[in-house]
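Asks: quick one, structure for this:
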Amino acid sequence: RPIPAGEVTARQVFTAGFGLLALGALAVAAVGRTPDGDPPWRAMASSAALAAAIVFYDAHHKTNPLSPLVMGLCRVLVVATASYAVADALPAAVAVAAAALLCHLIGLTYIAKQEHLDQLGRLWPLGFLGVPLLYGAQLAVTSPAAWAPWLLYVVLLVYAMRRLRRRRPGDVPHAVVTLIAAMAVLDALLLAGHGHHAAATFAVGAFVLTLALQRWVSGT
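Replies: Numbers count the residues shown, from 1 in each chain. Sure, this is the predicted structure:
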């Protein structure tokens, strides 16, 4: 941890963190436009809510039993902000995809909260991971291009669950980094299921890049 280690000061982290949040919100306001060319008020409000959710999670996640939901909402607000930057309303397909991402993040964040214990308590929160799995299968039935990312997503979930079930030293952290990388595969699945094949390929590339970079930047 760089602050306790003296590699960086708390003031520097505060300045960089809040500065980047402000730049992100300004970027949304600058580049986002509705189809009528009006300022993206919904996108700006969504980006402000995203920044607030990030700060709230950072400040309260350790003792907050609902922190997996807050982390999931951060991911949902990323999707909502991007959508509102180009549209007046949130399309139904985007809303459902965001809900699937929310469920993945709830399961992932619950596991990550137990990571320092290298064990898990209650297992029922992991059931949230089944929601994107079932929705992805439904998409693949109507869009065959989604079968490949769906199968990859299944493999990653099975691998992570086997680690959690075995619970040897290091298994929980390995499950966490696997599910972090799997977010890009879930993105690919959702994109392929709605016919965005080029973007889905890009998302799979992001998955591979995430795994590669985890060698130098820990996902835990």
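Asks: contacts, neighbours, all on C-alpha from now
Replies: Fine.
Asks: how would you label residue 217: helix, strand or coil?
Replies: Following DSSP: H, G, I helix; E, B strand; the rest coil, we place residue 217 in the coil state.
Asks: how much space between residue 146 and residue 153?
Replies: Separation of residue 146 from residue 153 (Cα to Cα, to the nearest Å): 11 Å.
Asks: the strands in this protein, which residues?
Replies: Counting by DSSP state E, the chain has no strands to list.
Asks: below-threshold pLDDT in this structure: ranges please.
Replies: 34-38, 113-125, 219-220 (pLDDT under 70).
Asks: please report how far the residue most central in space within it lies from residue 215.
Replies: Per Cα atoms, centre = their mean, the C-alpha nearest to the average position across the chain is that of residue 75, at 4.8 Å. Taking Cα to Cα as the measure, residue 75 falls 24 Å from residue 215.
Asks: okay but the residue nearest to the centre of the chain is in contact with residue 101, surely?
Replies: Yes: applying Cα atoms under 8 Å, one finds residue 75 in contact with residue 101, separated by 7.1 Å.
Asks: now residue 102, nearest residue through space, not along the chain?
Replies: Spatial nearest neighbour of residue 102, excluding adjacent residues (Cα to Cα, 6 or more residues apart in numbering): residue 72 at 4.5 Å.
Asks: now do the helices in this structure.
Replies: Counting by DSSP state H, the chain has helices at residues 10-31, 41-60, 67-84, 92-113, 130-142, 147-166, 171-193, 197-213.
Asks: deepest-packed of those, please.
Replies: helix 171-193 (a mean of 24; mean count of other Cα atoms under 10 Å).
Asks: how big is the angle separating it from helix 147-166?
Replies: Relative orientation of helix 171-193 versus helix 147-166 (axes from the mean of the first three to the mean of the last three Cα atoms, to 10 degrees): 160 degrees.
Asks: off-centre distance for helix 171-193?
Replies: The chain centre lies 9 Å from the centre of helix 171-193; the measure is Cα atoms, centre = their mean, to the nearest Å.
Asks: for it, packing partners?
Replies: helix 92-113, helix 130-142, helix 147-166, helix 197-213 (3 or more Cα pairs under 8 Å, 6 or more residues apart in numbering; DSSP states H and E).
Asks: nearest to residue 20, out of these?
Replies: helix 197-213 (21.6 Å; Cα to Cα).
Asks: and that closest one, what does it pack onto?
Replies: When contacts are defined as 3+ Cα pairs under 8 Å, 6+ apart, helix 197-213 sits against helix 171-193.
Asks: now with 10 Å?
Replies: For helix 197-213, the elements it packs on are helix 147-166, helix 171-193, judged by 3 or more Cα pairs under 10 Å, 6 or more residues apart in numbering; DSSP states H and E.
Asks: among the ones you listed, which comes closest to residue 28?
Replies: So among these, helix 171-193 is nearest, using Cα to Cα, at 21.2 Å.
Asks: what angle do that closest one and helix 92-113 make?
Replies: Using the same axes, to 10 degrees: helix 171-193 against helix 92-113 is 170 degrees.
Asks: residue contacts, residue 75?
Replies: By Cα atoms under 10 Å, 6 or more residues apart in numbering, the contact set of residue 75 is 50, 53, 54, 98, 99, 101, 102, 104, 105.
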